[in-house]
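here is my input, please return the structure:
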Amino acid sequence: MAKIEASMAGNVWKVLVKEGDEVKAGQDVVILESMKMEIPIAAEEDGIVTKVHAHEGEFVNDSDLLVETE
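Numbers count the residues shown, from 1 in each chain. Presented below is the predicted three-dimensional model:
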């Protein structure tokens, strides 16, 4: 199981995947917004999304769990 975590604190602007989606390494799964900048968060390996922890509009801290893949 792979865990995709926030690389910095910010608001979840957009969740690009849902449970059951197939993702490829390098594919953006969540976009964070911080200081009016959009920060894409990408999967590091291929897999299937098993759980989405991030919700649009929610504030997350650095290293918070956003998405789990298998």
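
ok, what's across the strand from the most centrally placed residue in the chain?
By CA atoms, centre = their mean, the chain has its centre lying nearest to residue 30, at 3.6 Å. Legend: beta-bridge partners of residue 30 under DSSP bridges are residue 15, residue 41.

ok, it touching residue 66?
Yes. With contacts counted by CB atoms under 8 Å, residue 30 reaches residue 66, the gap being 5.0 Å. Where C-beta positions appear, they are placed from N, C-alpha and C, glycine not excepted.

ok, residue 62 - contacts?
Listed by CB atoms under 8 Å, 6 or more residues apart in numbering, the contact set of residue 62 reads 6, 7, 8, 9.

and it, what element?
Using DSSP states H and E, residue 62 falls within no helix or strand.

got phi/psi on it?
Dihedral angles of residue 62 (phi, psi; degrees, to the nearest 10) stand at phi -50, psi 130.

quickly note the distance from residue 52 to residue 35.
25 Å (CB to CB, to the nearest Å).

try residue 22
32 Å.

between the two, which one's more packed in?
residue 22 (11 against 7; other CB atoms under 10 Å).

what's the nearest residue to the more buried one if we skip its chain neighbours?
Leaving aside its chain neighbours, residue 22 sits nearest to residue 48 (5.6 Å; criterion: CB to CB, 6 or more residues apart in numbering).

what sits against the one you found?
20, 21, 22, 23, 69, 70.

ok, those residues vs residue 57, which is closest?
Residue 57 has its nearest neighbour among these in residue 21, at 20.5 Å by CB to CB.

need the contact list for residue 38.
When the contact criterion is CB under 8 Å, 6+ apart, the partners of residue 38 are 13, 31, 32.
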